[in-house]
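> My questions are about this predicted structure, shown below with the sequence.
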Amino acid sequence: MTAGAPTRSPRAPRRAPTELTFVLDEALVESYAAGEPDWLAADRRAALALYGLLPIESNELYTPYIDLRSADLGDVRAYPEPAGAPDSARPGSVPPHGAAAFADFDEDRVGGLVVDDAARAAGVTVETLGGLVGRDPEAARRLLTDGETLPADDRLAQLTRAGWNQGVAIRVPDRVRLDRPIVVRWAAGTPGTALLTRTIVELGDGASASVVEELGPSADAAGAAAGSGQALFTSTLEIRVGRGAELAVASIQDFGPEQIVFQHRRAIIGEESKLHWALAQLGGRLVRSRVDNRLEGDRSTVEQVEIVFGANEQLHDLTSYTRHVGRDTTGNLLSKGVLLDAARTYLKGMITIEKSAVGTDSFLGEFGMNLSRKARSVAIPSLEIDQPDCRRAAHSSSVGPIDEAQLFYLETRGIPPDDARKFIVLGFLEPVVARVPLEAERQRLRELLEAKWDAGIARAAAA
Amino acid sequence: MTATREIVTDRREEFAFHDDIVYLRETKRGLTRETVEEISRFKEEPDWMFQLRLRAYDHFLQRPMPTWTDGLDRIDFDKIVYYRKPSEREEKSWDDVPEQIKATFERLGIPEAERKFLAGVGAQYDSEVVYHSVREELSKIGVVFMGMDQGLKEYPDIVRKYFGTVVPAEDNKFSALNSAVWSGGSFVYVPKGVEVPLPLQAYFRINGENTGQFERTLIVVDEGAKVHYIEGCTAPIYATDSLHAAVVEVVALPGSKVRYTTIQNWSNDVYNLVTKRAHAYENATVEWIDANTGSRKTVKFPSIYLRGPNATADIISVAVAGKGQHQDTGAKAIHLAPNTRSRIVSKSVSKDGGRATYRGQLKVSPGATNVVASVRCDALMLDDLSRSDTYPYIDIQEDDTTMTHEATVGKVSTDQIFYLMSRGLTENEATNLIVQGFLEVFTKELPMEYAIEFNRLVKLEMEGSLG
């Protein structure tokens, strides 16, 4: 997120809030399909058909809260021929310290694809989807087309399934326990471009791993003059966690102010497995994200912590579905938002407990801090329950200003009011920071949050 | 107390009959522009009401059927008789009430209640208020409590000023329907500074197969005044579906206090689609105390728009959904002014395949500073055939709002059942006691005779499920 004066975009033409201005060029999809196996081409075409039929929001509970009007994507075009492998003529990017593997994507280029020796020896693979399709088409077919990992009722998910032009597959074999994280970096935002991506993560039975996803502006995006146009980035995280496995995923989204982002993350969690999400949303103009957790196996667990720090006229529209299917499953979901300026967040969370899900423990918390009179915070925490025999089925939500008592306490300790406010807000967001698996990434996230706060204070002082 | 017990005994079995009333006047089945015109002409209404009905009818036709809740497409609007008049004119004295109708009300216990302590009775038999008495002292202090049709004739200025301002015809499909064909309901006006010492009570019934009932209630409480209005319902049981689409508008002017209590117990074939809304002005307090145990499907979200500074909203909503029932209920608090407060408490019980849905909205608009709001919704599921949903919408557009929301869903704890059984209760009694305790937040707000009736209703429901 670039700091600076609040930029009010020129008044957009009047559009319906559900109108998607991006045009998925069918000829371009066909050009991707031309070089691909038949099954993959067929998958793209099937998605294209659904994309043409589906509404932007298929859940009627949420239709009052959808607003795509700030996405001005009429002139945005998808990259025609993204690279399938690192360019050997350019120096490969350097992996972050402490990472077991690193996949680096910079717009339509692959900056680097590195797996360290220990991980490679254990059978861990990190490769582009293009590379996987060529090397092991059977595995690619299973991972890309089983129809389970992207929601069939979601138009934007089908957009990515039809038109993806970059992707990465991370696979950790059975019983491999990786103690250092795999880092995937996506840099995007060149005005007028669209990068549509899929990320696939598969953990075998008894495996454990952590993945850090860095989403930020490319050098082109950071250097672009203000008002030179928007860019589109779509991404997926399609996760399969086998039996008795454990996966931690952290995502730090810090795109530039002209970036439109559509994200779909879907996890199928097997017996006695655990999935931990730590998701931080800071950047972008409009971010529409959806997380689907399916607790399929008995005694499976998902823990999801998500923070939003919005400023200027950002809209973060975040939906999370958690479906309990197996017995004695556990869901623990927490969303926190801090809003400055005229930022908006829509936090929609749905817990579904199916009749088979005896012994469920499920909790959803949505907490917000509105720090500006122009900000808007919407929370819709819902429960749909068909099985009453549960350990817990509850949600909780609150919105409030900075706690005066906390502020007073810090001031009595000699901390100036401005610093005290900063500490309280950053402390409010700390639960996500603490769950990021890599120290360097934790520190980076803290710095991003602090910079965003300082920029907000500077704007308030200037105003 | 023996006298009061008479009226609170659960006697739904007795009420489940159909009197062979000779309908003196009724419209043809189905809804056309002519039906609407005929109703208005017959009632000799002023032109503005005639035009309002026609506008509402046009809107009803244009408005699509809501799809966010299911089953409404089963309503056949062509099968419904939109207006039925059981007696020629509104009766002032009990002696003038037709014998047959009087007999029905005998069974409802109205004369007893009136003699004892009721402040006033407006009883709705089908689509018209047929019996209505207001105690002398209420008239003396200027309190108006009469049928809506009579109110329109006798207090045209007050009605014209407020009718349709709280719930416009265009609010939703069923408020449009009600505005087009409304008949009956209560009109209440409490003058400045007057405290009505006893609750105003109205009984409603639906009679006649496929008779829709579209009552319209308007309650205007002037500055500093105070009133408690109670409605309770019984209805005969029929195999085909009945529709009840009411609109209730409450205007709480500055400094007033209004409490509106409902015990809804329609028979299990009724579609009960009600729009209830109040405007609370400066320093006013509005309380909705709302229970839904009957009907096949109820869609009702009592709402309070906090329009003046320091206004207070308090909503208690309880629902019991049994076999074949869907209670789609909840509450809305819309904060439009500074220093306003709201509290929503919802409790639902679902059993025998019933479905209880909480749907609520809490909104803090720009300018509504220093709001304090809380929402609490708890659901109890008695078996795994049943379903419970919770859909709260929380929309905050100010920076100093303090809002908390809590929701839980669970079953009756086996520990509690075991404990009570060890004290000599049967399992059925123990469950009943726990359910009554769960709903007590509602029951304790009721006048005693209603509390007893409500507990009996719950007990009856429980016996139905467990016996």
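Yep, that arrived.
> ok and the residue in chain A nearest chain B?
Closest to chain B within chain A is A:Pro388: 3.3 Å, counting by Cβ to the nearest Cβ. All C-beta spots, glycine's among them, are computed from the backbone N, C-alpha and C.
> isn't that residue right next to B:Lys411, touching?
Yes. Between A:Pro388 and B:Lys411 there is a contact under Cβ atoms under 8 Å: 3.9 Å.
> what touches both of the two?
Common contacts of A:Pro388 and B:Lys411 (Cβ atoms under 8 Å, 6 or more residues apart in numbering or on different chains): B:380-382.
> Can you read off the pLDDT for the residue of chain A closest to chain B?
If you check A:Pro388, the pLDDT there is 90.
> Then A:Ala461?
We have a pLDDT of 83 for A:Ala461.
> Am I right that it is in a strand?
No. The assignment for A:Ala461, made by DSSP: H, G, I helix; E, B strand; the rest coil, is helix rather than a strand.
> which one of A:Pro388 and B:Lys411 has more residues nearby?
Neighbour tally, A:Pro388 and B:Lys411, criterion other Cβ atoms under 10 Å in any protein chain shown: the higher count belongs to A:Pro388, 26 against 17.
> Looking at the shared contacts of A:Pro388 and B:Lys411, state which has the most neighbours.
When neighbours are taken as other Cβ under 10 Å, the top entry among the shared contacts of A:Pro388 and B:Lys411 is B:Met381 (27 neighbours).
> Determine the number of other residues adjacent to A:Glu447.
Neighbours of A:Glu447 under the rule other Cβ under 10 Å: 10.
> Shouldn't it be within a helix?
Yes. The assignment for A:Glu447 (three-state DSSP) places it in a helix.
> need the contact list for the residue of chain A closest to chain B.
By Cβ under 8 Å, 6+ apart, the contact set of A:Pro388 is B:380-384, B:386, B:388, B:409-411.
> Now render those residues as a markdown table, adding pLDDT, distance to B:Leu425 and secondary structure.
Output for the contacts of A:Pro388, formatted as a markdown table (pLDDT from 0 to 100; distance: Cβ to Cβ, whole Å; DSSP: H, G, I helix; E, B strand; the rest coil):
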| residue | pLDDT | distance to B:Leu425 | secondary structure |
| --- | --- | --- | --- |
| B:Leu380 | 94 | 18 | strand |
| B:Met381 | 94 | 21 | strand |
| B:Leu382 | 92 | 16 | coil |
| B:Asp383 | 90 | 20 | coil |
| B:Asp384 | 88 | 24 | coil |
| B:Ser386 | 94 | 23 | coil |
| B:Ser388 | 95 | 26 | strand |
| B:Val409 | 92 | 25 | strand |
| B:Gly410 | 89 | 21 | strand |
| B:Lys411 | 90 | 18 | coil |
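> Show me where chain A dips below the pLDDT cut-off.
Scanning chain A for pLDDT under 70 picks out A:1-13, A:147.
> Now residue 185, what are its backbone angles?
Here I'm looking at chain A. A:Arg185 has phi and psi values of phi -120, psi 130 when expressed as degrees, to the nearest 10.
> You answered for a different chain; I wanted chain B.
Dihedral angles of B:Gly185 (phi, psi; degrees, to the nearest 10) stand at phi 100, psi 180.
> surely it meets B:Ala246?
Yes. Taking contacts as Cβ under 8 Å, B:Gly185 lies within contact range of B:Ala246: 7.0 Å.
> contacting residues around A:Asp298?
When contacts are counted by Cβ under 8 Å, 6+ apart, A:Asp298 is found next to A:271-272, A:326-329.
> In PyMOL, how would I select just the buried ones from the residues you listed?
Per 16 or more other Cβ atoms under 10 Å in any protein chain shown, the buried members of the contacts of A:Asp298 correspond to this PyMOL selection:
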select buried, chain A and resi 271+272+326+327+328+329
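> Rebuild the contacts of A:Asp298 as CSV, extending it with secondary structure and distance to chain B.
As requested, those are exported to CSV (DSSP: H, G, I helix; E, B strand; the rest coil; distance: Cβ to the nearest Cβ, whole Å):
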residue, secondary structure, distance to chain B
A:Glu271, coil, 22
A:Glu272, coil, 24
A:Gly326, coil, 16
A:Arg327, coil, 13
A:Asp328, coil, 15
A:Thr329, coil, 15
